[in-house]
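Engineer: Attaching a predicted model along with its sequence, questions to come.
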Amino acid sequence: MRPDTRLAEIDPRGTPGLPGGKTVGKDPKRWSKTEVAAISQELAGYQERMFASAKEGATDKRVLLLLQAMDCGGKDGTVRNVTQGMSPAGMTAVSFGPPSEEERRHDFLWRVRRALPAPGYVGIFNRSQYEDVLIVRVHDLVGEDVWSQRYDAINEFEAEQAAGGLTMVKVMLHISKGEQKQRLLDRLDDPAKNWKYNPGDLTERARWDDYQQAYQDALTRCSTAAAPWHVVPADRKWYRNWAVATLLRETFADLDPRYPAPDFDVDAERAKLLAAG
Ligand code: AMP
Ligand code: MG
């Protein structure tokens, strides 16, 4: 994200970077479904190569997809779609809710450090350290003197992690207030979705503008070279899935993980196996 990006100027229904009309065709939802499934297979290949190289201790590389959004922003759906081809055994997914009593006894980054993916793994953060400058700020859960220091603390933390082999893909799924209303209504109308509804969601919704301001500040102050933010328009689920999958593909292509060279003589092992019957 460029430092002068204004959240309010990004259209949540937009589809930036989408290939031309001919490629997408008349049914973008169908196109996206096929495309995202294909990209996810590619991601699985990258994931396996990164996992394999870490097993030999040859790399400390790891990738973290960090998702933030207003309620109903589509974090769970995004994870389900982009990771569909990947191996759960090479992945650690963590959701961050209100801190437990134990977590509250530590610095706000304590639980985040513990949840980071190990070398070779792909990590998923459903919410993150940013909640400590979002909900915490909007509801004055700590004083301004405390939360205002956290942007620098987060930048320092992320730079340190990046130097240690962590590649962060920080994504804000940007939905409109109207789309959130529709999705909240869906959660009330569909008994199978009632469980996703929380009466507290309306309290948060009432603070929409405060949240947008808090997001704007987090995006501006914590979009660094080591860990940039990406704002993905997310009113259209098919676009959102494609955009996040594509971001991950680009990230892995840059990382270019490779299978490690075997530390044994392959031909000699084959000969031994065959001779042993
Ligand atoms: P959900 O993602 O729907 O399960 O909701 C989790 C809730 O936990 C959201 O309302 C978050 O804003 C809230 N939450 C996450 N991290 C924190 C935090 N550090 N302090 C207070 N609330 C938090
Ligand atoms: Mg919720």
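Structural biologist: Yes, it's here. Please read these numbers as outputs of a predicted model, since none were measured by experiment. Ligands and ions are numbered 1, 2, ... in the order given.
Engineer: Is Thr224 in a helix, a strand, or coil?
Structural biologist: State at Thr224, reduced to three classes by DSSP: H, G, I helix; E, B strand; the rest coil: coil.
Engineer: actually Trp238, not the one I typed
Structural biologist: helix.
Engineer: which parts of the stretch 51-200 of the chain sit against ligand 1?
Structural biologist: Taking C-beta under 6 Å from any ligand atom as the measure of proximity, the stretch 51-200 of the chain contacts ligand 1 at 96-99, 127, 131-132, 135-136. (C-beta placed from N, C-alpha, C; glycine too.)
Engineer: which of these are buried?
Structural biologist: 96, 99, 127, 131-132, 135-136 (16 or more other C-beta atoms under 10 Å).
Engineer: Report the contact partners of the closest residue to ligand 1 within the stretch 101-250 of the chain.
Structural biologist: Closest residue of the stretch 101-250 of the chain to ligand 1, C-beta to the nearest ligand atom: Glu131 (3.2 Å). For Glu131, the contact set (C-beta atoms under 8 Å, 6 or more residues apart in numbering) comprises 68, 96.
Engineer: In helices, which of the residues of the stretch 51-200 of the chain next to ligand 1 appear?
Structural biologist: Members of those lying in helices (criterion: DSSP state H): 135-136.
Engineer: now, among the residues of the stretch 51-200 of the chain next to ligand 1, which is nearest to Asp186?
Structural biologist: Using C-beta to C-beta, Arg127 is the member of those that sits closest to Asp186, with 21.0 Å.
Engineer: The closest one and Gly85, how far apart?
Structural biologist: From Arg127 over to Gly85 the distance is 24 Å, taken as C-beta to C-beta, to the nearest Å.
Engineer: what does Asp11 give?
Structural biologist: From Asp11 to Gly85 the distance is 30 Å (C-beta to C-beta).
Engineer: repeat for Asp210
Structural biologist: Asp210 is 38 Å from Gly85, by C-beta to C-beta.
Engineer: So Pro260 sits against Phe51, correct?
Structural biologist: No: taking contacts as C-beta atoms under 8 Å, Pro260 lies outside contact range of Phe51: 10.5 Å.
Engineer: Please produce JSON lines containing the residues of the stretch 51-200 of the chain next to ligand 1, extended by pLDDT.
Structural biologist: Output for those, formatted as JSON lines (pLDDT from 0 to 100):
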{"residue": "Phe96", "pLDDT": "98"}
{"residue": "Gly97", "pLDDT": "97"}
{"residue": "Pro98", "pLDDT": "97"}
{"residue": "Pro99", "pLDDT": "98"}
{"residue": "Arg127", "pLDDT": "98"}
{"residue": "Glu131", "pLDDT": "98"}
{"residue": "Asp132", "pLDDT": "98"}
{"residue": "Ile135", "pLDDT": "98"}
{"residue": "Val136", "pLDDT": "98"}
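Engineer: In terms of distance to Ile39, which of the residues of the stretch 51-200 of the chain next to ligand 1 ranks first?
Structural biologist: Arg127 (24.1 Å).
Engineer: Give me the buried positions along stretch 153-161.
Structural biologist: Here stretch 153-161 shows 154-155, 157-158, 161 as buried, counting by 16+ other C-beta under 10 Å.
Engineer: and that stretch, average pLDDT?
Structural biologist: Mean per-residue pLDDT for stretch 153-161: 98.
Engineer: Can you give the distance from it to the centre of its chain?
Structural biologist: Computed by C-alpha atoms, centre = their mean, to the nearest Å, the chain-centroid distance of stretch 153-161 equals 17 Å.
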